[in-house]
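only the shape, not the letters, is given here:
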């Protein structure tokens, strides 16, 4: 049985693409006779972009790897959890953390697990919930980076 996992790749792909574009635009001429009002030295202003992109990519990968590791450690138990999930409800309700979905599912099916299994699943689901919170925060940072990129393109490059 395939164990469903929440993937945060959509926004992350946008982030990597947008920051790559932003880095390329950072080398676009800033002060020229075409746009004498352009400001600053782009190399100085954007020197942290590459490091931030690499750090975000590493953080995202690390968090997703850990989440996948947790779900792979006790496959049989997780299969029982997913079989017990309410098939009529969406896997993740609007705004609901995937770890919280797992915790709710585990709680509703706790009579199917031994005390040891229940404790292990709850601990693992809580860790996934914390990972999901971190991924959500990373996604918010991505959204801000995309907004900043759009503003940069519209405002700073619009005069070329």
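Great, that's in hand. The model shown is predicted, which means the values in this text are computed figures rather than measured ones.

just list what the longest helix seen in the chain packs against, helices and strands only.
Determined from DSSP state H, the single longest helix within the chain is helix 115-151. Here helix 115-151 touches helix 9-26, helix 49-73, helix 75-84, helix 98-108, going by 3 or more CB pairs under 8 Å, 6 or more residues apart in numbering; DSSP states H and E. Glycine gets a C-beta too; all of them are placed from N, C-alpha and C.

looking at these, which has the lowest confidence?
Least confident of those, judged by mean pLDDT, is helix 9-26 with a mean of 54.

for residue 52, see how far away the residue lying closest to residue 129 once chain neighbours are set aside is.
Distance criterion CB to CB, 6 or more residues apart in numbering; nearest residue to residue 129, sequence neighbours excluded, is residue 99 at 2.5 Å. Applying CB to CB, to the nearest Å, the value for residue 99 to residue 52 is 26 Å.

the two: who's more crowded?
Higher neighbour count among residue 99 and residue 52: residue 99, with 21 against 13, using other CB atoms under 10 Å.

would you mark the buried spots in stretch 75-91?
For stretch 75-91, the neighbour count (16 or more other CB atoms under 10 Å) marks 77-78, 80-82, 84-85 as buried.
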